[in-house]
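**Q** kindly generate the corresponding structure for this input.
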Amino acid sequence: CEQIIQHLNNKIPGVNTAELCQRIQATGIEINVGDLAKIANVVSFLFSTAARNNLSTEELVTTLGNAVSTLPKHIVQVIRHVWNEQGKSISVSEDVRNMDTVGQFVDIKWKLGVAMSSDTCRSLKYPYVTVTLKVADPSGQITDKSFEMTIPQFKNFFRQFKEMAAVLETV
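**A** Reported below is the predicted structural model:
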């Protein structure tokens, strides 16, 4: 809940559900990343909707209780506590709402590799670049997107980044 509030306040780019899942599993709770991502999406929707409608803690809990009668009491207590402590801090400016359809860049990692051989070719010695982009989708879920490029593809990729940097210098 706290990471979702931080994300909604644009203090962090998103909720790293893979890392959070590992932390939860380390405590002995069985959950998979997909289920945790669904839970995070629901809580994010809940908090952002409550912020847009300027709900008080009691209004949120009452509305939640009316909509979902099977929610365990301890979960409602956590939502109540976090909303009571941090809910009013959520910024709901029009600019933030309009950005909700675009993901956000978090990090980039790359490595240079050389394919030495394969089952069909004994001596490849073929260089390639692997790039991993860490991206927060509009709901705040952080995912890794990886791809490989040949050296000519990487040079084109690099050239385009240089062009973007040059354009940004003029702004």
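
**Q** low-confidence stretches in this structure?
**A** Applying pLDDT under 70 to the chain flags the ranges 68-69, 91-102, 138-140.

**Q** strands along that one, start to end?
**A** Using DSSP state E, the strands of the chain run over residues 104-115, 126-136, 142-150.

**Q** out of these, which is the most enclosed?
**A** Of the strands of the chain, the one with the most neighbours on average (mean count of other CB atoms under 10 Å) is strand 126-136, at a mean of 15. Placement of C-beta: from N, CA and C, glycine included.

**Q** Provide the strand pairings for that one, with the direction of each partner.
**A** strand 104-115 (antiparallel), strand 142-150 (antiparallel) (DSSP bridges).

**Q** other residues contacting it?
**A** For strand 126-136, the surrounding residues in contact (CB atoms under 8 Å, 6 or more residues apart in numbering) are 7, 13-14, 103-115, 142-151, 153-154, 157.

**Q** related to what we said a few turns ago, now the strands of the chain as a markdown table including distance to Gly65?
**A** Compiled in a markdown table, the strands of the chain are given as follows (distance: least, CB to CB, whole Å):
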| stretch | distance to Gly65 |
| --- | --- |
| strand 104-115 | 33 |
| strand 126-136 | 31 |
| strand 142-150 | 31 |
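
**Q** thank you, goodbye.
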